[in-house]
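Student: need a 3D model of the sequence below.
(one chain, ligands or ions: 1)
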Amino acid sequence: MIQYQEQKFDLKGLNGISDAQLEVHFKLYAGYVTNTNTVNAQLAELEAGGKMGTPTWAELKRRAGWEYNGKILHEQYFGNLTRSPAALDDNSALGRKVAECFGSVDAWKKNMTSTATMRGIGWVICYQDPTNGHLTNHWITEHEMGHPAGFRPIVVLDMWEHAFMVDYKPAEKAKYVEAFFSNVDWKACEKRLG
Ligand SMILES: [Fe+2]
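Tutor: You can find the predicted model right below:
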């Protein structure tokens, strides 16, 4: 059976996202790795015992998407942050694509920020449609509702309160989003483009 390992991210010293905040967040992410493995192990055990299709098995099946996405989305979020950020280059492949789809980098950021500061908890993801290369910003409720199936995640922003509550008040989402943008690893995001 596949066993997932917790990935490590060296992100000490970010702008506006403290090490204490990250420590809390890494622990929470580790829980999703553990639980993804646990759900898979419990499903396998039930299946080996002839209990496939039982209510217990079915609930674990439903749970799997939550645990998997809790793991994967955190890896994408931490993976698009860097301790040594540089501004998004307007002439880079990503800069040009963002401008093509939203009019300008500023217009795209405004759309991302407006989506991120909506009420509720979830994720904001700039996704690329693999069929035509177009970028669109999406609100993902909790971990699993709202993903356009098969799209490529380009920029992933965690908007659960646990992502910023050590550093910011619930009403200060916009400050956290600004801090996030000041730490984005645009090269890592650009590599995700198809
Ligand atoms: Fe999170």
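Student: so what's the residue count around residue 154?
Tutor: Counted with other C-beta atoms under 10 Å, the neighbours of residue 154 add up to 23. Quick note: C-beta positions are derived from backbone N, CA and C, even for glycine.
Student: wait, it touches residue 189, no?
Tutor: Yes: if you go by C-beta atoms under 8 Å, residue 154 and residue 189 touch, sitting 5.4 Å apart.
Student: what is in contact with those two at once?
Tutor: The contact sets of residue 154 and residue 189 overlap at residue 94 (C-beta atoms under 8 Å, 6 or more residues apart in numbering).
Student: how far away is residue 124 from the ion?
Tutor: 12 Å (C-beta to the ion, to the nearest Å).
Student: residue contacts, the residue nearest to residue 128 when sequence neighbours are not counted?
Tutor: In space, and not counting its chain neighbours, residue 128 is closest to residue 152: 4.4 Å by C-beta to C-beta, 6 or more residues apart in numbering. Applying C-beta under 8 Å, 6+ apart to residue 152 gives the contacts 127-128, 130, 192-194.
Student: which pLDDT value belongs to the residue in the chain that the ion sits nearest to?
Tutor: Of all residues in the chain, residue 158 sits closest to the ion, at 4.2 Å by C-beta to the ion. Residue 158 is assigned a pLDDT of 98 by the prediction.
Student: doesn't residue 116 make contact with it?
Tutor: No: assessed by C-beta under 8 Å, residue 158 is found out of contact with residue 116, at 9.6 Å.
Student: neighbour count: those two, which is higher?
Tutor: Each of residue 158 and residue 116 has its neighbours counted (other C-beta under 10 Å); residue 158 has more, 24 against 21.
Student: picking that back up, quick one: pLDDT of the residue nearest to residue 128?
Tutor: 98.
Student: so which bits of the chain are right by the ion?
Tutor: 158, 160, 163 (C-beta under 5 Å from the ion).
Student: contact partners for the residue nearest the centre of the chain?
Tutor: Taking C-alpha atoms, centre = their mean, the centroid of the chain lies closest to residue 73, which sits 3.5 Å from it. The contact partners of residue 73, by C-beta under 8 Å, 6+ apart, come to 123, 140, 143, 156, 158.
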